[in-house]
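J.: Okay, here's the prediction I keep looking at, along with the sequence it came from:
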Amino acid sequence: MAARAIWKGILHVGSHRVPVKLYSAVEEHGVHFRLLHERSREPVRQQLVDPSSDEVVPYADVQRGFAVPEGYVILKKDELDQLVPEASRDVTIERFVPTQKLGPEWHVRPYYLGPDGEDEAYFALAQALGETDREGVAHWVMRGHEYTGALRASDGYLMLITLRHADEVIKREELPRPEGRAHSDKELKMAEQLIGAYEDAFDPEQYHDEYRERVLAFVEAKAKGKAPRLKKPITKSEETKLSDALAKSLAGLRKTGGEKAGTADLGSRARGRASTTAQKKPAAHKASPKKERHVA
Amino acid sequence: MPSRKSKQTSPSSAADDAASEDSGQPAGGRSFWSGTISFGLVTIPVELYSATRSTRSSLRMLAPSGNPVARRYFTDEGKPIDSAALARGYELDKGDYVLVSDDELDALAPEQSRDIDLSRFVDRAAIPPLFFERAYILAPSGKSNVAYRLLAATLERSDKAGIASFVMRGKQYVVAIVAEEGLLRAETLRFADELRTPKSIGLPGPVEASAAKVKAMRSAIEHEQKASVPDKELADTYWQRLEALVEKKQKHQQDIVSPEPVEESDDDMAEVIDLVAILKKSLGQKSAPSAASADSKPKKSAPARAARATKTQRTTKKAPAKKAPAKKKAAAR
């Protein structure tokens, strides 16, 4: 079933105009509960109340206030209306940066863009963005709000990912780098080997929201009158088995190349340092009980 | 569209609480989660902090008296309902609800796990950006940061991301652990079935663009290419205009109300959490404990950025008995 476009706009790249339609790229699958009055099983209504008098405040009587040390500055409706940006269909893009410049911490929500006439211009832009490995910084106004977004190519199509504002993101420069003694070449090599042993393709299909699935199944069973007996589930399933298997193979790796190469030192060196013993030691044994469980 | 503001007008507090549980920082500057990352036989104790902070929290809804409004529940006939008389229902058929209790949800929730078990490493670039949901920063919390730094250095050098699934606050997440400039970050990922594709949306199949057209687009892109994005281009211009208006009115002592604080109002002048200071402390505790601890206390509200009341706190205050339902709603997505 084709999705409905949320918005239509025109991308401006240099002198080129690319008309597009915007679609949400995300389809949230939540489990939604309603708050009910327990006795009547009727949904409750939430209302706004003045806590000083317990009286209900109709939404039309609510005023906006901006918190300041002396109380609140009241912002009237017409004052707020004046701050709303002018409606426009234009998406301006005046900057293209390397795609890794704005990391995931900037991302809010992804949207797909589809061509809205002029298909060739659309696909030419997608191809050009993909080839240059750049993303455009886009600005537009939609439904009374100003947005900044990253315009990217994804498998030959265009995406627009809305971005956070500068002061919302904790910048890399704001944080210190954890410091300590330099790692030895052996440690680095060993760590690389470990990661190499676990290397695989990104396979998003293998992960499921099992909790959501369980809640839905439970609700349906309960509705049919067979309230299932609930037991605390053991969640670690496929994942753990995989990691057990890998841990096993890694143990082999440690045995063969380990002693000479100083492999075992990765743990033991840290262990040697004062009180880390307690934390590290159980870790070293961690794999074995799991393995047994796996086998059994 | 993403509307952080919709909170205030949302008719359902369930949605409210869910949204804030997921997006806010926990009160008091605690980390979201603490546990261990394990890779191979190495375990790394870490704390997880949000990599983003909310900035638009000073705008409030006020009653005509000037008091910030509170949210309460009523029956259809307008009778107030005590929060203890609320229940959670799942609507199977229109108007027909299955009641679900806290205990039942607890039993369904995944077992708390203190482990992010990195069982798979992938090329960082192999994760399409649309999978990324929320960004967190991981700080080392053990006595030694050696293993932390080693994992960070190795991930960074190899440009890999570690993938794991884990449980945080009653919800199951898939997470990508990446490293940047010596810091480990955790990015929660969306589930594959939550993402649309050009095909599922019904976008037309690709049209072969002429070489000339592609070249023209390329040169337009190259003409505007820059190395980075200045903060100015990512500024919250609406909020800047709003703050300017507030300052002007403040200067002229215009339209200022100073209501007597009411115990149960929607306005806990909560402590502003200086996340950076907390993180600095976490990250710096090995090398420079004294320097970091000086500014590591959560700061009390600064004027305009004041008053970020976390929903979590509010819920606790108003309806201690029903705190759990709100949490569950966040959990059961």
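T.: Good, I have the coordinates.
J.: Please work out how many residues are found near A:Tyr182.
T.: I think there's a mix-up here, since residue A:182 is Ala and not Tyr. Neighbours of A:Ala182 under the rule other Cβ atoms under 10 Å in any protein chain shown: 9. C-beta coordinates here come from the backbone N, C-alpha and C atoms, glycine included.
J.: so how far is chain B from it?
T.: 9 Å (Cβ to the nearest Cβ, to the nearest Å).
J.: Just say helix, strand or coil for that residue.
T.: When classified by DSSP: H, G, I helix; E, B strand; the rest coil, A:Ala182 comes out as coil.
J.: so who does it touch?
T.: Neighbour list for A:Ala182: empty [criterion: Cβ atoms under 8 Å, 6 or more residues apart in numbering or on different chains].
J.: From B:Ala153, how far out is it?
T.: Separation of A:Ala182 from B:Ala153 (Cβ to Cβ, to the nearest Å): 10 Å.
J.: Kindly state the beta-bridge partners for the closest residue to B:Pro128 other than its chain neighbours.
T.: Counting by Cβ to Cβ, 6 or more residues apart in numbering or on different chains, A:Ser154 is the residue found nearest to B:Pro128 once chain neighbours are left out, at 6.5 Å. Under the criterion DSSP bridges, A:Ser154 forms beta bridges with A:Tyr157.
J.: how many neighbours does B:Phe131 have?
T.: 21.
J.: meant to ask about A:Ala60, not that
T.: 5.
J.: same deal with B:Val257?
T.: B:Val257 sits with 16 neighbouring residues when counted by other Cβ under 10 Å.
J.: Who does it form a beta bridge with?
T.: Applying DSSP bridges to B:Val257 gives these bridge partners: A:Tyr72.
J.: Export the strand or helix carrying A:Phe66 to CSV, keeping only CA atoms.
T.: When elements are defined using DSSP states H and E, A:Phe66 is found to belong to strand A:63-68. In CSV, the C-alpha atoms belonging to strand A:63-68 read as follows (Å, rounded to 0.1, in the frame of the first residue of the first chain):
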residue,chain,number,x,y,z
GLN,A,63,-1.9,31.4,28.2
ARG,A,64,1.7,30.8,27.4
GLY,A,65,4.3,31.9,29.9
PHE,A,66,8.1,31.9,29.6
ALA,A,67,9.8,31.0,32.9
VAL,A,68,12.1,33.8,34.2
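J.: And for B:Ala51, nearest residue in space, chain neighbours not counted?
T.: Nearest to B:Ala51 is B:Ala135, by Cβ to Cβ, 6+ apart, at 3.9 Å.
J.: can I assume the one you found is in contact with A:Leu102?
T.: No: applying Cβ atoms under 8 Å, one finds B:Ala135 not in contact with A:Leu102, separated by 11.4 Å.
J.: Which one's more surrounded, the two?
T.: Using other Cβ under 10 Å as the criterion, B:Ala135 and A:Leu102 rank with A:Leu102 on top: 24 against 21.
J.: The more buried one: what's it in contact with?
T.: A:Glu135, A:Val137, A:Ala150, A:Leu163, B:Val229 are the contacts of A:Leu102 under Cβ under 8 Å, 6+ apart.
J.: distance of A:Trp106 from B:Ala139?
T.: From A:Trp106 over to B:Ala139 (counting by Cβ to Cβ), the distance is 20 Å.
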